[in-house]
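Enquirer: Let's see this in three dimensions:
(one chain, ligands or ions: 1)
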Amino acid sequence: MPASRRGSGSFTLTTGQTIAIHTRTQDEEDLPHATKKTMADHLRKYESLFTLTPQRMRMIVEAFTETLELGLNKPNQIVPMIPTYVFGWPTGQEKGDFLALDLGGTNLRVCLVTLQGDGKFEISQTKYRLTEEQKQDDGQKLFDFCAECLHTFVETNTGEGAGQLKPGQSLPLGFTFSYPCSQERIDHGELIRWTKGFGAGNTEGRDVAEMFKKSLEKYQLPIKLTALINDTTGTLIASHYVNPKTKIAVIFGTGCNAAYMENVKNITKIEHLGIDPGAEMAINCEWGAFDSFEHEHLPRTKYDTVVDDTSNKPGEQAFEKLISGRYLGEILRLVLCELIDEGVLFLGQNTYKLEKPYCFDTAFLSLMESDPTDELLMVIGIFTHFFALETTLAERQFFRALAKLIGRRAARLSACGIAAIVSKMNYLDEGCSVGADGSLYNKYPGFADRVHEGLQDIFGDKGRNIVTYHAEDGSGVGSAIIAAMTKHRKDAGLYLNV
Ligand code: BGC
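Expert: Next up, the predicted model:
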């Protein structure tokens, strides 16, 4: 009898699907597999491709910092450094009922947030699934669907918050629309480009706030769009509401981006608006676009080039494509496909399942890295259950090491982005907290530690002064706080300017 072991477990993919797997190792093999030495040789090659030295990181930070400055000084830059018209920090005393709608990447979420003051809040929410078709269909239809979900939510939440509305009264809504939009005021936003695989027609170049208002009118909802915000801006404000040391917010999820608070006097491209130079305004960096088109600064491998070329937006979001959850699984899959083509992996097995683009979920990388068993039973489960492929221990160890290289590179590049903002704002000596959110940050084992390690490689010991932590829900709570801040400004007659 061949020696065998069993294992089982369950996990949730980024698509929301929960999978239970039961596995058994087989020590007796009849298929031709790569030897331990072959796998070790290949690993060395990938190590040199995916590893970022501290010196290289410092060079990236330098170029990144210049790019951030450029975006503040000139309009329409690749990294657009978008003024958000969110002026200054919340007081923590914001109060009231607010609706928040969150159109992020995977789901649509509607929240009713009750801000209670003193940094406290209550939230009730419902998630609605977005189909691939909705992401590619007509934009107005997408906003109609958002309004329809809001309608259902408000109807089913009567008796609470929304149900207590008096005739003629409307609930303020913060709309978190997490794509690059250039804003002229807080309830306006022209979509610069779709990211994260979205491609809904008739939307780029248009004011999405206007489009959404049109959809709200169709459903005659007692709702007023008060603020259009980005998830990073929401995260910045929500995190500061509960932790006033927060100066930067980052999202590491399907997409990747950051926001921070800037002095208006430094945003020279909007000097003509005559806003008080002494005021502060949140900037949505849209840093995912760093190094787009020119590809001068980032260490792209041939796998990254393929990811880019075959995406619906070639050339764009160059930084994001090396970091975010949407792409990491695909990068690893492309390496595996190369080794299949070279006749190194899975000889004699049918690999068609693995050859489908984007079939290798980034959650698999997390799971492989966190597999606690000596035989790597989780890795066996992934390859047999999803791809009908048999693996040896040496191969599984290689897959895990590869996941580690790709995940670590993503975290170290993320550290470069954070370091660029820290350098630009001179936060290194006094230190700062960075509110971070998104599936990669929250679920990928060791991601935060690797970001911190990267910050120390860039800044030396002082890098310890920059600490990331799991942020508050920016798209829900943050959106509500910004709606409250905006309402307060409007009531005080300060709609556009300070
Ligand atoms: C978008 C940003 C967003 C980020 C995280 C990126 O693709 O361009 O607006 O903040 O994803 O959701």
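Enquirer: Tell me which residues touch whichever residue of the stretch 201-350 of the chain sits closest to the ligand, please.
Expert: Closest approach between the stretch 201-350 of the chain and the ligand, counting by C-beta to the nearest ligand atom: Gly255, at 2.0 Å. C-betas here are computed from N, CA, C, even on glycine. Going by C-beta atoms under 8 Å, 6 or more residues apart in numbering, Gly255 touches 105, 178, 195-196, 288, 317, 320, 324, 326.
Enquirer: how much space between it and Lys313?
Expert: With distances taken as C-beta to C-beta, to the nearest Å, Gly255 is found 12 Å from Lys313.
Enquirer: quick one: common contacting residues for those two?
Expert: Residues touching both Gly255 and Lys313 (C-beta under 8 Å, 6+ apart): Thr195.
Enquirer: Chain neighbours aside, what residue packs nearest to the residue of the stretch 201-350 of the chain closest to the ligand?
Expert: Excluding the flanking residues, the one nearest Gly255 by C-beta to C-beta, 6 or more residues apart in numbering is Lys196, at 4.7 Å.
Enquirer: again, but for Gln169
Expert: Nearest non-adjacent residue to Gln169, counting by C-beta to C-beta, 6+ apart: Pro222, 6.8 Å away.
Enquirer: Could you tell me the per-residue confidence at that neighbour?
Expert: pLDDT recorded at Pro222 is 86.
Enquirer: Over to Gly163?
Expert: pLDDT recorded at Gly163 is 49.
Enquirer: Could you do Ala100 as well?
Expert: 95.
Enquirer: And Ala34, by the same measure?
Expert: pLDDT recorded at Ala34 is 85.
Enquirer: again, but for the one 4 residues further on
Expert: In the prediction, the pLDDT value recorded for Thr38 is 92.
Enquirer: where's it, which helix or strand?
Expert: Assessed by DSSP states H and E, Thr38 sits inside helix 36-50.
Enquirer: does the closest residue in space to Lys443 that isn't next to it in sequence count as helix, strand or coil?
Expert: Setting aside the residues directly before and after it, Lys443 is nearest to Ser366 in space (C-beta to C-beta, 6+ apart), at 5.6 Å. Secondary structure, DSSP: H, G, I helix; E, B strand; the rest coil: Ser366 is helix.
Enquirer: Run a quick neighbour tally on Ser366.
Expert: Using other C-beta atoms under 10 Å, Ser366 is surrounded by 24 other residues.
Enquirer: Thr53 too?
Expert: Using other C-beta under 10 Å: Thr53 sits among 11 other residues.
Enquirer: what's the answer for the one 4 residues further on, then?
Expert: A count of neighbours around Met57, defined by other C-beta under 10 Å, yields 20.
Enquirer: can I get the contacts of Gly255 in CSV with neighbour count and distance to Lys247?
Expert: Formatted as CSV, the contacts of Gly255 follow (neighbours: other C-beta atoms under 10 Å; distance: C-beta to C-beta, whole Å):
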residue, neighbour count, distance to Lys247
Gly105, 23, 25
Ser178, 26, 21
Thr195, 26, 25
Lys196, 23, 26
Gly288, 25, 20
Gln317, 28, 25
Glu320, 22, 22
Ser324, 27, 22
Arg326, 26, 27
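Enquirer: Tell me which of those residues fall in helices.
Expert: Mapping the contacts of Gly255 onto helices (DSSP state H) picks out 320, 326.
Enquirer: related to what we said a few turns ago, isn't the residue nearest to Gly255 right up against Ile251?
Expert: No: using C-beta atoms under 8 Å, Lys196 makes no contact with Ile251, being 10.9 Å away.
Enquirer: returning to that earlier point: gap between the residue nearest to Gln169 and Gly168?
Expert: For Pro222, the distance to Gly168 (C-beta to C-beta) stands at 8 Å.
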